[in-house]
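S.K.: Provided below for reference: sequence and predicted model.
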Amino acid sequence: SKAIRNGIRIHDLLNFDVFEKKLRALADDTRKRFGDAFEYDVEGEVALYRELAAEFAPYVADSVAILHEEERSASRILIEGANA
């Protein structure tokens, strides 16, 4: 959840072992809270995201490092307000 910051972030896909551990933990936690009403194919999702991880990797970067470099280069930087 957003409040306890236990979600998955896109950068977790770059270290798939971390991603898989987090996904399984989230699914287990949700299953404990909702019981049999929670139907979720964890194995299927892991397999799907294992394929997607390689596809997404070129689009994931350390934006803090990029912004610092651009700041040093005197670039103009526009930051969206909700996430600033």
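M.R.: Looks like it arrived, so ask away. Residues are numbered from 1 along each chain as shown.

S.K.: same question for the strand or helix carrying Gly44, mean pLDDT?
M.R.: Assigned by DSSP states H and E, Gly44 belongs to helix 42-56. Regarding helix 42-56, the rounded mean pLDDT is 95.

S.K.: following that helix, which helix or strand shows up next?
M.R.: Read in the C-terminal direction, the helix or strand following helix 42-56 is helix 63-72, with elements assigned using DSSP H and E.

S.K.: how big is the angle separating the helix ranked longest in the chain from helix 42-56?
M.R.: The helix of greatest length in the chain, counted in residues with DSSP state H as the criterion, is given as helix 16-34. Helix 16-34 and helix 42-56 meet at an angle of 140 degrees, taking axes from the mean of the first three to the mean of the last three CA atoms, to 10 degrees as the criterion.

S.K.: contacts for helix 16-34?
M.R.: Taking CB atoms under 8 Å, 6 or more residues apart in numbering as the criterion, the residues outside helix 16-34 that touch it are 6-8, 12-13, 38, 40, 42, 45-46, 49-50, 53. C-beta: built from backbone N, CA, C; applies to glycine.

S.K.: And the residue lying farthest from the centre of the chain, how close does it get to Ala61?
M.R.: When distances are taken from the C-alpha mean of the chain, Ala74 lies farthest, 30.2 Å away, according to CA atoms, centre = their mean. As judged by CB to CB, to the nearest Å, Ala74 and Ala61 stand 21 Å apart.

S.K.: ditto for Asn15
M.R.: As judged by CB to CB, Asn15 and Ala61 stand 15 Å apart.

S.K.: Next: Lys22.
M.R.: Distance, Lys22 to Ala61, by CB to CB: 20 Å.

S.K.: cool, and Ile10?
M.R.: Computed as CB to CB, the Ile10 to Ala61 distance reads 10 Å.

S.K.: do Gly7 as well
M.R.: When CB to CB is the yardstick, Gly7 and Ala61 sit 20 Å from each other.
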